[in-house]
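*Asks:* Sequence plus predicted model, see below.
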Amino acid sequence: MSSAARSPGLDPAEGPGAGPGGGLVLVTGTTGFTGGHLCARLAREGSRVRALVRDPARTAASHPPGVELAAGDLRDPASLSRAVEGVHTVYHIAALFRPENVSRREMFEVNVEGTRSLLEASARGGVRRFVHCSTVGVHGDVQDPPANENSPIAPGDHYQRSKLEGERVAQEFQRDGRLPVVIFRPAGIYGPGDLRFLKLVRAVARRRFVMIGSGDVKYQMVYIDDLVDGILRCGTLPVAIGRVYILTGEPAVTLRELVTTIAQAAGVPPRRWRVPFWPVYLAGAACEAICKPLGINPPLYRRRVDFFRKTRWFDITRARRELGFAPRTDLATGIRKTIAWYREHGYL
């Protein structure tokens with residue numbers, strides 16, 4: 001492998017899974033956006049990769065050639081024991097992410113107890129490093145920005161609470177000496193292939209976007225290639241063991257700046273319409289109260305409206321200093337690439 005093809009600052013000698021000859025790695029969540037990109041990057045750089053998937057027959061085509069598919073589910077401990085056999089490093093990316101008709105119980109079954117089961121299987125199986133994906137959402141609405149890894153914890157919904165509990169379970173295994181663990185907290189992830197960002201981009205591109213509130217709150221995102229760089233550093237560098245890292249791009253921008261950047265990339269003038277925050281928030285609460293008892297996905301809900309109110313501004317000094325993490329994709333470039341992918345695949 002040429003140095004140009006290798007992750008910046010990473011060398012196969014620095015740790016397992018960084019390149020040819022490294023130990024077997026297991027990646028969960030490979031049918032999702034982040035896990036899929038991580039799996040592809042590891043395979044492209046010569047690692048031996050096993051992917052945990054529910055149905056290998058249905059998902060084989062979505063994985064790179066040479067990736068071994070292991071049938072399993074986070075709610076099936078026996079399948080996890082089989083999946084970690086011979087594995088050196090686990091990258092645990094899979095999570096149940098906020099479908100509005102999913103109960104708190106289901107969220108915690110996957111994101112907390114499923115994580116515990118995978119940690120237990122990894123400890124029994126002799127795994128040498130467990131890299132756990134959390135979220136900056138565990139910090140909630142940042143009150144004294146920018147937040148770092150030691151800032152107050154204040155999850156604001158069931159998903160964020162479940163991810164925080166998953167972190168705590170992972171930290172128990174580290175503290176007890178059962179398993180070397182690294183935790184990373186990504187900010188909003190975007191890039192070609194991501195569809196969660198599509199709703200905002202589509203609204204701006206079609207000139208249907210309306211700002212709720214002032215638009216002055218700060219927001220921070222991380223481009224998928226930069227995030228994968230950071231994840232690989234968490235999985236390979238000795239200094240990372242036992243640590244928690246926030247991984248996001250820089251700088252933070254206001255929501256108004258984000259929307260303007262999207263509009264420029266889409267080739268449309270940004271709309272200047274705004275509506276007050278609290279009436280929309282209360283309307284979201286009413287939609288939830290009516291729809292959820294009926295099992296209907298609310299057309300508007302408070303968490304979505306909170307996007308316009310909560311500050312998400314973070315400090316990545318620890319990741320820069322200890323991991324050499326250095327995001328290279330500026331927001332304008334990343335959004336242009338993402339919009340180009342949306343257009344190429346018929347989403348815009």
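*Replies:* Structure's in. What do you need?

*Asks:* Name the residues of stretch 235-255 that are buried.
*Replies:* Neighbour counts over stretch 235-255 (16 or more other Cβ atoms under 10 Å) mark 235-237, 240-241, 243-250, 252-253, 255 as buried. (C-beta placed from N, C-alpha, C; glycine too.)

*Asks:* Report the two of those separated the most.
*Replies:* Using Cβ to Cβ, the buried residues of stretch 235-255 reach their maximum pairwise distance at I241 and L255, which is 36.6 Å.

*Asks:* For R233, grab phi and psi.
*Replies:* Taking degrees, to the nearest 10, you get phi -70, psi -40 for the backbone angles of R233.

*Asks:* Please disregard the earlier target; I meant V244.
*Replies:* Per degrees, to the nearest 10, the backbone of V244 is at phi -120, psi 140.

*Asks:* now F130
*Replies:* Per-residue torsions, F130: phi -120, psi 120 (degrees, to the nearest 10).

*Asks:* And for L69?
*Replies:* Torsion angles, degrees, to the nearest 10, at L69: phi -100, psi 130.

*Asks:* For K163, see how far away R207 is.
*Replies:* Remark: distance between R207 and K163 (Cβ to Cβ, to the nearest Å) = 35 Å.

*Asks:* neighbour count winner among the two?
*Replies:* Legend: neighbour count by other Cβ atoms under 10 Å for R207 and K163, higher for K163 (25 against 13).

*Asks:* State the helix or strand in which that one lies.
*Replies:* helix 158-175 (DSSP states H and E).

*Asks:* Over to C287?
*Replies:* Secondary structure from DSSP H and E places C287 in helix 277-291.

*Asks:* same for that helix, what does it pack against?
*Replies:* Where contact means 3 or more Cβ pairs under 8 Å, 6 or more residues apart in numbering; DSSP states H and E, helix 277-291 is packed against helix 302-306.

*Asks:* for the helix it packs on, packing partners?
*Replies:* Counting by 3+ Cβ pairs under 8 Å, 6+ apart, helix 302-306 packs on helix 277-291.

*Asks:* What's the local residue count around the residue nearest to A43 when sequence neighbours are not counted?
*Replies:* Of all residues not flanking A43 in the chain, P64 sits nearest, at 4.2 Å (Cβ to Cβ, 6 or more residues apart in numbering). Neighbourhood size, P64 [other Cβ under 10 Å]: 15.

*Asks:* show me the residues around the residue lying closest to G125 once chain neighbours are set aside that make contact.
*Replies:* Take G125 and drop its neighbours on the chain: the residue closest to it by Cβ to Cβ, 6+ apart is V84, 4.0 Å away. Applying Cβ atoms under 8 Å, 6 or more residues apart in numbering to V84 gives the contacts 26, 90, 118, 121-122, 125, 127.

*Asks:* ok, K337 to L331 distance?
*Replies:* The gap separating K337 from L331 is 11 Å, by Cβ to Cβ.

*Asks:* okay, the two: which has more neighbours?
*Replies:* Comparing K337 with L331 by other Cβ under 10 Å, the one with more neighbours is L331, at 23 against 18.
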